[in-house]
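In: I'll drop the sequence and a predicted model, then ask my questions.
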Amino acid sequence: MEAYEDMSTHMNSQVKETRPLGLYVHVPFCASTCDFCAFYQEKPRRGDLDRYLKAMEFEFSALPKDRVIETVFWGGGTPGLLSAKDLEQLGCAQLEKINKPPIEWTIEMAPSTVKADKLAVLQDLGVTRISMGVQSFNAQLLASLGRLHQPKQIYKAWERIQAASFPHTNLDLIFGIPNQTLGQWEADIREAASLGPDHISTYCLTFEEDTAMYLKLSQGKVRIDDERDAKFYERGWELLAELGYAQYEISNFAKPKGECRHNLNTWQMHEWLGCGPSAASQYRMQRYQRPSNLDQWLSGVEKKALLREELVDLNDTLLLADGVIFGLRMNAGIDLVELQQRFPMAQEPQRIQGQLKRLCEGELAIKNKNRYCLTQKGQLLADAIAVEFM
């Protein structure tokens, strides 16, 4: 682990950087841990909240002075768990340290945390998208995921979000839940679409280590069924298209101009900075993350040192491979020539070309001039394809 200098100290003042830059803010507080969640989180104690908010002011002060932050994403944890006053303090601290308001600013909220006073503060700050973690509209399925909210809370929260008139809204859904039927999955999609968000994200349940769901898997109480999951994927893609949501990434669907620019920036291997405990960054040819421990992170900040863990020095070879892996998850696919121009020092680019050729031969991808896109069959095998490229 090492200390982290001011992010603007290495900038050559004679060079104007124009590439997209995103900012991820991790709010680690959560009322309870869902059975499937592996993200770092803590119980919200007032003393910890106050120390966190003060420390974030120092984090924000280290942001580069001569880079424009185009997109901001607050995740967690549950950012919406903060009070209206705390949200205002955190948001104002951020805005004071960036050059101008971001083009896109997304904040995650759980249904039980959506309150009118919080939404009013977020509007005043300039937030452009509320992303609500619904997961399911079925009470039994919510209970099996360890979610605290009930379906009625989803509708009440949605009424408040609609009344606040944010430019963009997203709903998160999960499928592949133990004992979930295809009919229940279709019902959840239809119900989400009926509420009218311009973006819907659908995630297949994963069994991450150190989660309650993983423990159930190891005990044989639940099982992974890849064949069933494939049917859920395919039906979800088909139904969302029928309902007017265009797929632009394996798990993400939007109405026209509703795509999440922050995520696109990440998938396209541009740069982003992470603030807060466990937040990850890709910046100046390095990847690293903050300590996934509130006290350890706070201790560093209070000593005027931002700590970095899991530091990886990047090179064009790694960035080209990752650009292919994440780029293929997008429906637009990748332009290999363009990627090679961005990462000209990549070693053995012919290896990437050979792998892409084999994908096409196996009908997992299609090629149109320099652009490669996964077929639906390829999308179902995207994780395995990523492993091959790595």
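Out: Good, I have the coordinates. Numbering: from 1, shown residues only.
In: run a quick neighbour tally on residue 289.
Out: Using other C-beta atoms under 10 Å, residue 289 has 18 neighbouring residues. C-beta coordinates here come from the backbone N, C-alpha and C atoms, glycine included.
In: check it and give its pLDDT.
Out: For residue 289, the model assigns a pLDDT of 96.
In: list the contacts for it?
Out: Shown in contact with residue 289 (C-beta atoms under 8 Å, 6 or more residues apart in numbering): 274, 278-281, 308-310.
In: quick one: what helix or strand has the residue nearest to the spatial centre of the chain in it?
Out: Centroid check for the chain by C-alpha atoms, centre = their mean gives residue 263 as the closest residue, at 6.4 Å. Secondary structure from DSSP states H and E places residue 263 in helix 261-267.
In: residue 49 touches residue 86, doesn't it?
Out: Yes. Using C-beta atoms under 8 Å, residue 49 is in contact with residue 86, at 6.4 Å.
In: who touches both of the two?
Out: Shared contacts of residue 49 and residue 86 (C-beta under 8 Å, 6+ apart): none.
In: quick check: the residue nearest to the centre of the chain touching residue 252?
Out: Yes. Residue 263 lies in contact with residue 252 (C-beta under 8 Å); the separation is 6.9 Å.
In: returning to what we had before: let me have the contacts of residue 289 in CSV, extended by secondary structure, pLDDT and neighbour count.
Out: Below are the contacts of residue 289 laid out as CSV (DSSP: H, G, I helix; E, B strand; the rest coil; pLDDT from 0 to 100; neighbours: other C-beta atoms under 10 Å):
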residue, secondary structure, pLDDT, neighbour count
274, strand, 98, 22
278, coil, 93, 20
279, coil, 96, 24
280, strand, 96, 16
281, strand, 98, 21
308, strand, 95, 19
309, strand, 95, 16
310, strand, 94, 12
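In: now those in TSV, with distance to residue 335?
Out: Shown next, in TSV, are the contacts of residue 289 (distance: C-beta to C-beta, whole Å):
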residue	distance to residue 335
274	28
278	33
279	30
280	26
281	26
308	32
309	34
310	30
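In: of the residues you listed, which is the nearest to residue 120?
Out: Residue 120 has its nearest neighbour among the contacts of residue 289 in residue 279, at 26.6 Å by C-beta to C-beta.
In: skip the chain neighbours and tell me the closest residue to the closest one.
Out: residue 26 (4.2 Å; C-beta to C-beta, 6 or more residues apart in numbering).
In: got it, and residue 179?
Out: Closest residue to residue 179 apart from its sequence neighbours, by C-beta to C-beta, 6+ apart: residue 144 at 6.9 Å.
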